[in-house]
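In: I need the structure of the sequence given here:
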Amino acid sequence: MINYIKLMRIKHYVKNFLIFFPIILSGNLFNMPYLIKSIYAFIAFSLATSVVYIVNDIKDKDKDKKHPIKKNRPLASGKIEIKNAIVFAIILFSLSLLFQFLAVCKITHMSYLYILVYIVINILYSFGLKDIPLLDVAILALGFIIRVLYGGSIINVEISSWLYLTVMSLAFYLGFGKRRNEFIKSGNKSRKVLNYYNESFLDKSMYMCLAISVVFYSLWTIDITTTSKYLIWTIPLVILIMLKYCMIVENDSFGDPVDVVTSDKILLGMIFIYGLILMGLIYLS
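Out: Down below sits the predicted model:
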């Protein structure tokens, strides 16, 4: 059973907390009907991401066997057979649709489209789009954007243009950071697309996206549509969080955002403090 849990890559569900951004930032976190919808949506989207991970692991099984870390995955190590993984993926997809229905209580809703688009583009990513330079990073970034838009559609909250741009640019930064460290660690051996990149380009792209992320976030905090006029005071902390993330990525790391965040207690603490301040400014000011 533990191997099937590993196959789901539950630790990557951390990314899906972006689904809660709309309900938190709109001041509706304690609106129980909205919160219940968002929780169901989180479960639905998380199960859908697990389906994508399973498809990707099936496709890359032989390649993963040669990777220093990925070789320990259930399919690459042979602990789970492909046919069993396919059946498991079908079960997870069915459960995803069930929780999606519980979230919106409709068979037709815009949120279904976000899940469908996410699954389709990521399966296409696994079957070839990941080998196309820039498009590979764009798809990684799109996954983060879809999560936020999906969360907003569940509770019918419109996403601020500045927030959208912040998430987009930060997602590109994370994507380029991951590619940068993969290139440094494995050269062009681990991914075909790395043949088209070099360290200098990835460095410049990373920090360009990081810089505009700070700009977009700053503009979001002073937007008149934001819930609190005091959010501007969170900018210094956000800059420090990003700089801390940069320090970790520049060191001995493969650049995976989840691994970077969860491996450093100081970074986790900074993010936790930011979350508390953000909640306080939105709900207590």
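
In: please report how far I248 lies from I119.
Out: Note on I248: its distance to I119, by C-beta to C-beta, to the nearest Å, is 30 Å. Backbone N, C-alpha and C define where each C-beta goes, glycine included.

In: just D60 next, same as before
Out: From D60 across to I119, the span is 17 Å (C-beta to C-beta).

In: leaving out sequence neighbours, find the closest residue to L210.
Out: Leaving aside its sequence neighbours, L210 sits nearest to Y173 (C-beta to C-beta, 6 or more residues apart in numbering; 4.8 Å).

In: neighbours of G175, how many?
Out: Residues near G175, counting by other C-beta atoms under 10 Å, number 26.

In: you'd agree it is up against A141?
Out: Yes. Look at G175 against A141 with C-beta atoms under 8 Å: they come within range, at 5.3 Å.

In: in three-state terms, label T108 for me.
Out: Put simply, T108 is coil when judged by DSSP: H, G, I helix; E, B strand; the rest coil.

In: and the protein, what are its domain boundaries?
Out: For the chain, automatic domain parsing gives the domain ranges 1-159, 160-285.

In: can I get the ones you listed in a markdown table with mean pLDDT?
Out: Output for the domains of the chain, formatted as a markdown table (pLDDT from 0 to 100):
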| stretch | mean pLDDT |
| --- | --- |
| domain 1-159 | 90 |
| domain 160-285 | 89 |
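
In: picking up where we left off before, which ones are touching the residue nearest to L210?
Out: Y173 makes contact with 206, 209-210, 213, according to C-beta atoms under 8 Å, 6 or more residues apart in numbering.

In: in what helix or strand does R147 lie?
Out: Element membership of R147 [criterion: DSSP states H and E] is helix 135-154.

In: just the buried positions in the helix or strand following that helix, please.
Out: With elements assigned by DSSP H and E, the helix or strand that comes after helix 135-154 is helix 161-186. Applying a neighbour-count criterion of 16 or more other C-beta atoms under 10 Å, the buried positions in helix 161-186 are 162-183.

In: what's the answer for stretch 7-15, then?
Out: Result for stretch 7-15 [16+ other C-beta under 10 Å]: buried residues 7-9, 12-13, 15.

In: and which of those is nearest to S228?
Out: K15 (25.3 Å; C-beta to C-beta).

In: Y53 is in contact with F88, correct?
Out: No. Using C-beta under 8 Å as the test, F88 is too far from Y53 to be in contact (11.1 Å).

In: shared neighbours, those two?
Out: In contact with both F88 and Y53: L7, using C-beta under 8 Å, 6+ apart.

In: looking at these two, which is more packed in?
Out: Y53 (20 against 17).
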